[in-house]
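**Student:** A predicted structure for the sequence below; I have some questions about it.
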Amino acid sequence: MVFTNWARNQSAAPAEERTPASTEEVVRAVRDAAASGRRLRMVGTGHSFTGVALTDGILLRPDALTGIRSIDGERVTVLAGTPLKALNELLDERGLALANMGDITEQTVSGAIQTGTHGTGRDSGGLADQVVELELVLADGSVVTASPGEDLFDAARVGLGALGVLTAVTFRVEPAFLLHNRRRRMTLSGILDSLDAMTSANEHLDFFWLPHTDACLVKTNNRSPGPPSPPSALKHWLDNTFLENTVFGAACALGARFPALIPRVNAASAAALGDSESVDTSYKIFTARRDVRFLEMEYAVPRERLGQALRETRDLVERMDWKITFPVEVRVTPPSDAWLSTAYGRRSAYVACHIYRPTPNPAYFEGVEEIMTRLDGRPHWGKLHTRDASYLAKAYPRFADFVALRDRLDPGRMFGNAYLEKVLG
């Protein structure tokens with residue numbers, strides 16, 4: 001049996017697979033791993049590009065550990081294997097919603113939190129910042145609940161699965177709300193001149209720059225009193241399925257076969273960008289469909305260095321004459337207090353670079369990574385990077401505290417793997 005991730009760039013052949021349906025079954029698996037001297041990891045749905053979830057020991061599948069366990073006012077406890085897309089629908093049925101989220105909903109709750117998944121928000125942070133309680137199974141088989149004010153809570157919210165197996169998460173939610181989404185075309189140079197104004201004027205700002213052009217698609221989302229004005233079924237299919245996936249996939253395939261055409265393909269895509277608006281349920285605005293497979297590297301830099309990061313990335317692509325089909329995506333978040341959150345202790349901006357999966361370009365990622373690390377960037381834990389513990393120890397003020405807590409909770413490294421050895425030491 002082989003586990004392979006969504007991007008098909010990471011795989012592992014565990015000695016055993018299990019699909020626990022309860023916390024008790026996770027405890028049994030952990031104790032069995034300890035008794036047999038094997039390592040153990042719980043995977044999500046494979047949307048990490050790194051080897052963070054891999055193991056050669058016991059691999060726990062999350063498929064049966066799903067659903068809402070309890071609702072107490074604006075606190076919802078959900079089992080850790082629940083896909084985000086299912087959680088959105090379950091909350092919406094009850095008139096509730098998460099304050100913010102990323103655009104990919106295939107991930108499980110545990111996988112998304114443990115790798116630091118984030119969306120974009122002026123005031124509201126990523127998923128880990130909406131967590132108010134965690135249930136974990138530790139390496140000794142004990143079940144613990146981590147709450148605010150405890151070191152384990154701040155460490156385990158973005159814990160990389162290194163401290164224990166996450167079995168349930170309690171989110172702070174709020175009454176369901178509408179978002180007013182605007183999409184418009186802007187120039188990259190125009191955005192660079194107005195970054196502060198744009199980030200302060202919008203609750204959620206997300207934009208995509210098309211390499212080899214000066215064109216950007218800018219998405220802003222702000223709360224709306226309504227009434228709802230969702231796109232028609234035809235418009236939704238046209239934008240989200242046909243244009244952003246079918247046509248874009250064909251453009252990527254064309255570029256892969258004829259790289260010299262990529263600048264012209266991107267110029268045609270830029271010319272096709274148009275303005276649109278809609279008002280809809282929050283999770284339907286936050287999320288998007290992604291069918292075209294890619295590889296991704298993303299770095300969080302201090303917000304005040306975003307302009308420099310983008311200018312240097314643009315100049316690098318032009319100087320090296322790389323042919324890049326995929327847009328560069330930019331998002332922002334407020335500071336986080338989760339120890340290994342990429343936004344820990346500082347307002348952050350994210351620069352995400354993508355490459356069509358059949359045509360990897362390591363030099364592109366390497367060149368952009370040099371820029372981001374020079375600007376004190378922190379790599380997304382679930383996306384490609386080359387940083388190790390020596391770099392990350394300087395990038396995270398509480399890194400040593402995290403490692404010390406790991407040493408105490410999992411001295412035998414039951415939850416370890418090659419990726420964690422690299423990034424945590």
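**Tutor:** Alright, I've got the coordinates. Remember, predicted model here, so these are calculated numbers, not experimental data.

**Student:** Touching, residue 267 and residue 211? I think so.
**Tutor:** No: shown here, residue 267 and residue 211 do not form a contact pair, counting by Cβ atoms under 8 Å, at 10.7 Å. Using the backbone N, CA and C atoms, a C-beta is placed for each residue, glycine as well.

**Student:** more neighbours, those two?
**Tutor:** The neighbour count for residue 267 versus residue 211, taken as other Cβ atoms under 10 Å, is higher for residue 211 (22 against 14).

**Student:** Angles on the backbone of the more buried one, please.
**Tutor:** Main-chain torsions, residue 211, degrees, to the nearest 10: phi -50, psi 150.

**Student:** Can you give me every residue that contacts residue 220?
**Tutor:** Residue 220 makes contacts with 181, 182, 198, 202, 204, 205, 206, as judged by Cβ atoms under 8 Å, 6 or more residues apart in numbering.

**Student:** how does it look with 7 Å?
**Tutor:** 182, 202, 204, 205 (Cβ atoms under 7 Å, 6 or more residues apart in numbering).

**Student:** Just say helix, strand or coil for it.
**Tutor:** strand (DSSP: H, G, I helix; E, B strand; the rest coil).

**Student:** Quick check: it vs residue 201, distance?
**Tutor:** For residue 220, the distance to residue 201 equals 8 Å [Cβ to Cβ, to the nearest Å].

**Student:** Let me have the contacts of residue 220 in a markdown table, extended by pLDDT.
**Tutor:** Below are those laid out as a markdown table (pLDDT from 0 to 100):
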| residue | pLDDT |
| --- | --- |
| 182 | 97 |
| 202 | 97 |
| 204 | 98 |
| 205 | 97 |
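
**Student:** Looking at these, which is nearest residue 123?
**Tutor:** Using Cβ to Cβ, residue 204 comes nearest to residue 123 of these, at 9.4 Å.

**Student:** number of nearby residues for the closest one?
**Tutor:** 24.

**Student:** In the stretch 101-250 of the chain, where is pLDDT below threshold?
**Tutor:** Along the stretch 101-250 of the chain, the model assigns pLDDT under 70 to no residue.

**Student:** residue boundaries of the strands in the stretch 301-425 of the chain?
**Tutor:** 328-333, 348-356, 378-379 (DSSP state E, counting those that start in this stretch).

**Student:** what's the distance between residue 220 and residue 122?
**Tutor:** Applying Cβ to Cβ, the value for residue 220 to residue 122 is 10 Å.

**Student:** Kindly apply the preceding question to residue 397 instead.
**Tutor:** For residue 397 relative to residue 122 (Cβ to Cβ), the value is 23 Å.

**Student:** Those two: which has the busier surroundings?
**Tutor:** Applying other Cβ under 10 Å to residue 397 and residue 122 shows that residue 122 carries more neighbours, namely 18 against 12.

**Student:** In three-state terms, label the more buried one for me.
**Tutor:** Under three-state DSSP, residue 122 comes out as coil.

**Student:** List the buried residues of stretch 15-25.
**Tutor:** Judged by neighbour count (16 or more other Cβ atoms under 10 Å), stretch 15-25 contains these buried residues: 16, 18, 20, 23, 25.

**Student:** Compute the inter-axis angle for whichever strand or helix holds residue 298 and strand 348-356.
**Tutor:** Using DSSP states H and E, residue 298 maps to strand 294-302. Angle, strand 294-302 to strand 348-356, by axes from the mean of the first three to the mean of the last three Cα atoms, to 10 degrees: 160 degrees.

**Student:** Among the buried residues of stretch 15-25, which one sits closest to residue 71?
**Tutor:** Nearest to residue 71 among the buried residues of stretch 15-25 is residue 23, at 18.4 Å by Cβ to Cβ.

**Student:** just checking, the closest one touches residue 144?
**Tutor:** No: with contacts counted by Cβ atoms under 7 Å, residue 23 stays clear of residue 144, the gap being 11.0 Å.

**Student:** Quick check on residue 154: phi, psi?
**Tutor:** phi -70, psi -30.

**Student:** Can you get me a residue count around it?
**Tutor:** Neighbour tally, residue 154, other Cβ under 10 Å: 24.

**Student:** Surely it touches residue 340?
**Tutor:** No: with contact defined as Cβ under 7 Å, residue 154 and residue 340 do not form a contacting pair (9.2 Å).

**Student:** any idea how far residue 351 is from residue 302?
**Tutor:** For residue 302, the distance to residue 351 - Cβ to Cβ - is 12 Å.

**Student:** same check, this time on residue 6
**Tutor:** For residue 6 relative to residue 351 (Cβ to Cβ), the value is 21 Å.

**Student:** quick one, which of the two is more surrounded?
**Tutor:** Remark: of residue 6 and residue 351, residue 351 carries more neighbours, 24 against 19, as counted by other Cβ under 10 Å.

**Student:** so who does that one touch?
**Tutor:** 298, 299, 301, 309, 310, 313, 328, 330, 372.

**Student:** Please tabulate those in CSV, including the columns pLDDT and neighbour count.
**Tutor:** Below are the contacts of residue 351 laid out as CSV (pLDDT from 0 to 100; neighbours: other Cβ atoms under 10 Å):
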residue, pLDDT, neighbour count
298, 98, 26
299, 98, 26
301, 98, 24
309, 98, 22
310, 97, 23
313, 98, 20
328, 98, 22
330, 98, 23
372, 98, 24
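
**Student:** Output the buried residues of stretch 15-25 in JSON lines, with pLDDT appended to each entry.
**Tutor:** Compiled in JSON lines, these are given as follows (pLDDT from 0 to 100):
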{"residue": "16", "pLDDT": "97"}
{"residue": "18", "pLDDT": "98"}
{"residue": "20", "pLDDT": "98"}
{"residue": "23", "pLDDT": "98"}
{"residue": "25", "pLDDT": "98"}
